[in-house]
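>>> Can you look at this prediction? I've put the sequence above it.
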Amino acid sequence: MSLYFYEPFSDFDRLFDEAFNARTGGGNQVQRQRGDQVNPGVLKPRMDVHEDAASNTVTASFEFPGLKKEDVSIDVHNGRLTVSAQSNASSEREEGGYAVRERRFGKFSRTLQLPQGVKDEEIKASMEHGVLTVTFPKSAPELAPKKISIA
């Protein structure tokens, strides 16, 4: 059995931590440890997880708005799938006699525990319009429960 955690308020926690640290002048005096996220400078991309019992698959969708597939990395290590990306976008334009410069920098990372027995070649990934979709088997066929007939 695999457990997936959704943390809807992790962004709020981060914002409160940043506001508190800015107000008190403390750099990293308040640091919360949530799940795998020990590094407070790394943001978690939004994620949806769907299980399909009929096809025995799990589909995880990650939101990376404005990023291309070349900016995203997927790693598998010790039964854990880590999706990460880095955004380094900047733009410059003139508007109403003012120079407008916008910059977006940030690191994103999310880790999922894979079901036992999933092989690397069984994991499929695609990216379209800033949404990364990763599909993998819910359980390996050789690890699925087997029926034993009673004689």
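Nice, thanks for sending it over.

>>> any weak-confidence spans in this protein?
When residues are selected by pLDDT under 70, those of the chain lie in 1-17, 20-42, 140-145.

>>> Go again with 50.
1-5, 27-38 (pLDDT under 50).

>>> Show me the helices in it, by range?
For the chain, the helices defined by DSSP state H cover 10-24.

>>> For it, which segments are assigned as strands?
42-43, 47-52, 57-63, 72-77, 80-95, 98-113, 124-128, 131-137 (DSSP state E).

>>> could those be laid out in JSON lines, adding distance to residue 146 and mean neighbour count?
No exception for glycine: its C-beta is placed from N, CA and C like everyone else's. Output for those, formatted as JSON lines (distance: least, CB to CB, whole Å; neighbours: other CB atoms under 10 Å):
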{"stretch": "strand 42-43", "distance to residue 146": "41", "mean neighbour count": "16"}
{"stretch": "strand 47-52", "distance to residue 146": "21", "mean neighbour count": "13"}
{"stretch": "strand 57-63", "distance to residue 146": "20", "mean neighbour count": "18"}
{"stretch": "strand 72-77", "distance to residue 146": "27", "mean neighbour count": "13"}
{"stretch": "strand 80-95", "distance to residue 146": "27", "mean neighbour count": "13"}
{"stretch": "strand 98-113", "distance to residue 146": "24", "mean neighbour count": "13"}
{"stretch": "strand 124-128", "distance to residue 146": "26", "mean neighbour count": "13"}
{"stretch": "strand 131-137", "distance to residue 146": "16", "mean neighbour count": "18"}
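
>>> Let me have these in JSON lines, extended by distance to residue 148.
Shown next, in JSON lines, are the strands of the chain (distance: least, CB to CB, whole Å):
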{"stretch": "strand 42-43", "distance to residue 148": "47"}
{"stretch": "strand 47-52", "distance to residue 148": "26"}
{"stretch": "strand 57-63", "distance to residue 148": "26"}
{"stretch": "strand 72-77", "distance to residue 148": "33"}
{"stretch": "strand 80-95", "distance to residue 148": "32"}
{"stretch": "strand 98-113", "distance to residue 148": "29"}
{"stretch": "strand 124-128", "distance to residue 148": "33"}
{"stretch": "strand 131-137", "distance to residue 148": "23"}
